[in-house]
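In: model this:
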Amino acid sequence: MWLAVTLLVVLGQAAPANPYMEQARARYEALHFSEAVELLELAEQVPSRTRAQHLDILELRARCELAEGRRQEAEATYERMLMLDPRAEPPADLSPKILETFQAVKARLFPAGYVALKQLPAAEGLVRVEVVDPWRRADAVVLHWRGPRDADWRPLRARPDAECCVFQLPGGGPGPVRWYVEAQGPDGNGLTRLGAPEAPQEWTRGMAPLPPPGAGPGDVHGDRESSTTPRLRRTLGWVSLGVAVAAGVGGTWLQVRSGESHDAASRAEWAGDSRRHSDRARTQAGWATGLFIGGGAAALGGGYLLTW
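Out: Numbering: from 1, shown residues only. Alright, predicted model coming up:
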């Protein structure tokens, strides 16, 4: 498992930093807004970008579109930005026109005072909750839990600042643990709930499956399972890791070539040559994205097969 994790880290570091974002920012500052949008389209395809970088890309793109008078497109970009992070905000020192457009989109997507809690997939015994709080009304997120012998609810508190809140259910004994989650305002008032005291959710610690009656310690999977199958899994695991490395190297090379093609498009004297180089840059960036995604999936699969 550690090998797979290390490989994923190496692949993430091998992926180049986004080569287009700073170029796009420079073109924006030089008032070349359409060129900045083209660079931001490429920046959005870089698979190594983080969530925060993606938000920056969308925010700058909306500004460029507004500067060119394309308000409808800018509103669509702001919608994508708010769907990615409902708490996102543009810099407060921007022009009133930009801030008004953003607030109009936000008000259209989320009614005033909107707060919601969404349960996310989690390992056994954990509760992961996404807090959708575009107007920043929630001051705390509280998980109320009660064991099978408890008469009162017990609270576990978390701050809603991160992307999600994670709670460890303290169920160690027999019987179900009942729980619900509540978002609270600064004065402790409840804003919204996931579950309720009268209709809580339940969790019972899972039990390991018992072997068939009469089976010995080595009889559960059989002799062939204990020899041939693990060897095959190891072989497939190493093959998958090899594919992941090759995909990472290929994706890195294509990403670099994409940057070179875009530079060639910027230097081209003829419009036809510029379009050809730009199309090549997009194609190479798309293939790089596919290779990075495939390499990551192969690395995860290989790590799973080696540790199964």
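
In: what secondary structure does Gly69 sit in?
Out: coil (DSSP: H, G, I helix; E, B strand; the rest coil).

In: do you know how far it is from Ala116?
Out: 35 Å (Cβ to Cβ, to the nearest Å). For the C-beta atoms, the positions are set from N, CA and C on the backbone; glycine is no exception.

In: Those two: which has the busier surroundings?
Out: Ala116 (15 against 9; other Cβ atoms under 10 Å).

In: how many other residues sit next to the nearest residue to the more buried one once chain neighbours are set aside?
Out: Of all residues not flanking Ala116 in the chain, Val132 sits nearest, at 4.2 Å (Cβ to Cβ, 6 or more residues apart in numbering). Neighbours of Val132 under the rule other Cβ under 10 Å: 17.

In: Next up, the contacts around Val132.
Out: 86, 114-118 (Cβ atoms under 8 Å, 6 or more residues apart in numbering).

In: Need phi/psi at it.
Out: phi -90, psi 100 (degrees, to the nearest 10).

In: which stretches of the protein form strands?
Out: Here the chain has its strands, by DSSP state E, at 116-120, 126-132, 140-146, 154-158, 164-168, 177-184, 190-194, 201-203.

In: Just name the most buried of those.
Out: strand 177-184 (a mean of 22; mean count of other Cβ atoms under 10 Å).

In: Direction included, what does that one pair up with?
Out: With DSSP bridges as the test, strand 177-184 is paired with strand 140-146 (antiparallel), strand 190-194 (antiparallel), strand 201-203 (antiparallel).

In: That one vs strand 154-158, what angle?
Out: Using axes from the mean of the first three to the mean of the last three Cα atoms, to 10 degrees, the inter-axis angle of strand 177-184 relative to strand 154-158 is 50 degrees.

In: circling back to that earlier point, Leu99: which of the strands paired with strand 177-184 is closest?
Out: strand 190-194 (25.5 Å; Cβ to Cβ).

In: quick one on the thing from earlier: now mean pLDDT and distance to Gly290 too, for the strands paired with strand 177-184, in a markdown table please.
Out: Output for the strands paired with strand 177-184, formatted as a markdown table (pLDDT from 0 to 100; distance: least, Cβ to Cβ, whole Å):
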| stretch | mean pLDDT | distance to Gly290 |
| --- | --- | --- |
| strand 140-146 | 96 | 38 |
| strand 190-194 | 96 | 37 |
| strand 201-203 | 92 | 39 |
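
In: can you redo those strands as TSV with distance to Glu29?
Out: Formatted as TSV, the strands paired with strand 177-184 follow (distance: least, Cβ to Cβ, whole Å):
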stretch	distance to Glu29
strand 140-146	40
strand 190-194	41
strand 201-203	51
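
In: low-confidence ranges in the stretch 101-250 of the chain?
Out: Applying pLDDT under 70 to the stretch 101-250 of the chain flags the ranges 171-173, 206-234, 237.

In: For Glu89, see how far away Gln103 is.
Out: Counting by Cβ to Cβ, the gap from Gln103 to Glu89 is 10 Å.

In: When the two are compared, which one has more neighbours?
Out: Comparing Gln103 with Glu89 by neighbour count (other Cβ under 10 Å), the higher total belongs to Glu89, at 16 against 13.

In: and the nearest residue to that one once chain neighbours are set aside, how many residues sit next to it?
Out: Spatial nearest neighbour of Glu89, chain neighbours left out: Phe102 (7.8 Å); criterion: Cβ to Cβ, 6+ apart. Applying other Cβ under 10 Å, we find 23 residues neighbouring Phe102.

In: residues near Arg63, how many?
Out: 22.

In: pLDDT score for it?
Out: Looking at Arg63, its pLDDT is 97.
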